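# Need a 3D model of the following:
(one chain, ligands or ions: 1)
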Amino acid sequence: MSRLVIASNRVADLRQTTQTGGLAVALADAVRERGGVWFGWDGEIGEVDEPEVDQIDNVTRVALPLSEDDYTNYYLGYANSVLWPLFHYRLDLIDYRPAFFEGYRRVNRMFARHLAQFLKPDDCIWIHDYHLIPLAGYLRELGCRQRMGFFLHIPFPPSDLLEASPNHAELVDWLLQYDLVGLQTHTDVGNLTRYLEDHTPAVPVREGRFLFGERTVSVERFPIGIDFEIFEQMAQRAPDDVAVDVLRRKVLGQKQIIGVDRLDYSKGLPERLRAYGRMLAQHPELEKSVSFLQIAPLTRGDVDAYANIRLELEALAGSINGQFGDFNWTPIRHIHRPVPREKLASLFRASHVGFVTPLRDGMNLVAKEYVAAQDPADPGMLVLSQFAGAAEEMVEALVVNPYDVDEMSRRLHQALVMPRDERRRRHEALMEKVMRHDAKAWLTAFLEALGDLADKPADLS
Ligand code: GDG
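From the prediction side, this is the model:
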């Protein structure tokens with residue numbers, strides 16, 4: 001088995017993966033099993049010429065800081081003020097500046113130079129997400145001929161939107177330097193396929209395979225999953241403070257709705273709060289018998305669009321509490337601090353509705369975590385946006401249009417009053433999918449596809 005080399009914007013702390021999400025754990029396990037390298041930014045800002053190298057058994061962790069300039073132009077700039085909004089269909093929020101694109105190229109070129117020194121000829125290289133699209137191209141320029149796969153965690157937009165970026169042709173040319181491009185959904189695969197067919201000389205040779213010059217490139221769907229077993233177990237061990245809260249709610253006969261998202265404009269938070277407010281207005285009988293817990297830890301606070309969304313949410317939550325609340329009832333609790341993962345799992349289990357309504361999302365792992373955390377005998381109900389990648393599979397959820405506040409309000413109410421039999425039926429189907437398509441299955445499918453490509457001749461014409 002060849003070694004595995006992972007490159008991601010942030011390199012995981014391989015000495016302490018239990019605290020991080022299931023994805024980092026699954027990737028860390030894979031790289032430990034095969035031996036290899038994990039390469040990326042260490043999350044620090046500073047000037048260092050050489051990366052920090054840490055050998056942990058058979059895995060080399062290679063991490064380096066970003067300069068102030070690179071942090072501004074590559075990370076906050078091109079990655080998060082151009083690609084993130086563009087790939088989430090938000091042309092209105094793009095802040096395009098030539099210096100951002102220059103920074104993006106510069107950092108990827110610099111990453112390639114450092115990473116190349118750690119590669120062996122038959123390594124299998126797996127590059128993650130929108131920050132590092134050009135990495136394979138720059139590695140190829142340095143003469144690296146290894147198999148390279150790329151996985152995009154966020155959506156891939158339709159051509160009409162992608163073309164709004166002055167750099168769309170370069171972005172797609174860079175994607176064509178990979179042997180395998182993995183995307184989350186059928187919609188994403190369709191969008192990239194149409195772009196390749198309409199705007200590039202790549203020739204389709206069979207479904208999902210394109211001939212580009214001397215090389216072939218595969219485009220496939222690999223819907224990402226969660227570490228189902230660990231999350232399910234975690235949900236069953238409620239910490240004392242959550243257990244007390246559950247008891248208090250039981251005594252009061254109160255149901256809880258939960259939302260958990262990084263504070264981001266793609267997550268549809270204002271629309272979600274409005275839908276909750278509308279439901280309270282339309283159902284006065286719910287007074288004091290329901291509450292909404294929204295956990296939204298701050299990320300990328302340095303980008304203007306994130307500061308704006310925070311202010312909007314605070315105003316909305318304040319107005320809902322002001323209009324409906326009472327001295328002994330706070331209709332909405334809204335938390336910006338991150339919550340430990342174990343607590344999150346038990347809060348999901350203690351909540352009657354999981355309210356997951358992004359305007360656009362690559363997959364959305366929270367939807368899967370909510371399902372995994374439920375008690376199968378008396379499960380809560382998931383209300384899920386049709387624009388989350390997860391909705392392609394999780395059709396037994398109450399699927400909503402996140403732009404339609406009235407529909408969300410109706411579905412939220414339906415979820416709160418849904419009879420137990422129907423909840424159990426829907427949950428059983430959802431649970432089976434979340435369990436089967438877990439993080440391990442995603443990872444194995446991707447690596448098998450990348451491995452298989454090595455055995456096939458490049459020219460399929
Ligand atoms: C990108 C794509 C795709 C959230 N708050 C806390 C916390 N979280 C955890 C959740 C979940 C993760 O963060 C968020 O994952 P999502 O999938 O929902 O969203 P993104 O962060 O935007 O991830 C997305 C994903 O990549 C994987 O490919 O699904 O579409 O946008 O695990 O539980 N965890 C803790 N405290 C919090 O306060 N511990």
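# Is the residue of the stretch 101-250 of the chain found nearest the ligand in a helix, a strand, or coil?
When distances are taken as Cβ to the nearest ligand atom, the stretch 101-250 of the chain reaches nearest to the ligand at residue 153, 3.5 Å away. C-beta: built from backbone N, CA, C; applies to glycine. Residue 153 falls in the coil class when you classify it by DSSP: H, G, I helix; E, B strand; the rest coil.
# So it is in contact with residue 364, correct?
No: with contact taken as Cβ atoms under 8 Å, residue 153 and residue 364 are classed as non-touching, separated by 10.7 Å.
# of these two, who's got more company?
Using other Cβ atoms under 10 Å, the more surrounded residue of residue 153 and residue 364 is residue 364, with 26 against 19.
# any idea how far the ligand is from that one?
5 Å (Cβ to the nearest ligand atom, to the nearest Å).
# helices or strands up against the biggest helix by length in the chain?
Counting residues, the longest helix found in the chain (DSSP state H) is helix 304-324. Packed against helix 304-324 by the contact rule (3 or more Cβ pairs under 8 Å, 6 or more residues apart in numbering; DSSP states H and E) you find helix 269-282, strand 332-335.
# Output these in TSV; the columns should cover distance to residue 190 and mean pLDDT.
As requested, these are exported to TSV (distance: least, Cβ to Cβ, whole Å; pLDDT from 0 to 100):
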stretch	distance to residue 190	mean pLDDT
helix 269-282	26	98
strand 332-335	37	94
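# hmm, who's touching the helix or strand bottoming out on mean pLDDT in the chain?
Among the secondary structure pieces of the chain, namely its helices and strands, helix 22-34 has the lowest mean (mean pLDDT, DSSP states H and E), a mean of 83. Contacts with helix 22-34, where a contact means Cβ atoms under 8 Å, 6 or more residues apart in numbering, come from 1-4, 6, 12, 14, 17-18, 37-38, 57-59, 124, 224, 226-227, 230-231, 365, 439-440, 442-443, 447.
# Filter those down to just the ones in helices.
Of the contacts of helix 22-34, the ones assigned to helices by DSSP H are 230-231, 365, 439-440, 442-443, 447.
# for the helices and strands packed on helix 304-324, which one ends up most surrounded?
Between those, helix 269-282 has the highest mean count of neighbours, a mean of 21, where neighbours are mean count of other Cβ atoms under 10 Å.
# quick one: it to chain centroid distance?
Centroid separation between helix 269-282 and its chain, computed with Cα atoms, centre = their mean, to the nearest Å, is 25 Å.
# Please name every helix or strand in contact with that helix.
strand 255-260, strand 290-295, helix 304-324, helix 405-417.
# Least confident of these, on average?
Within these, the least confident segment by mean pLDDT turns out to be helix 304-324, at a mean of 90.
# before we move on, back to that, minimum distance to the ligand: which of the helices and strands packed on helix 304-324 has it?
Of all those, it is strand 332-335 that lies closest to the ligand, at 7.9 Å by Cβ to the nearest ligand atom.
# Name every strand pairing with the closest one and say which way it goes.
According to DSSP bridges, the neighbouring strands of strand 332-335, each with its direction, are strand 290-295 (parallel).
# Just the angle for the strand it pairs with relative to helix 405-417, thanks.
Using axes from the mean of the first three to the mean of the last three Cα atoms, to 10 degrees, the direction of strand 290-295 lies 110 degrees away from that of helix 405-417.
# the inter-axis angle of strand 290-295 versus helix 269-282?
Using the same axes, to 10 degrees, the inter-axis angle of strand 290-295 relative to helix 269-282 is 170 degrees.
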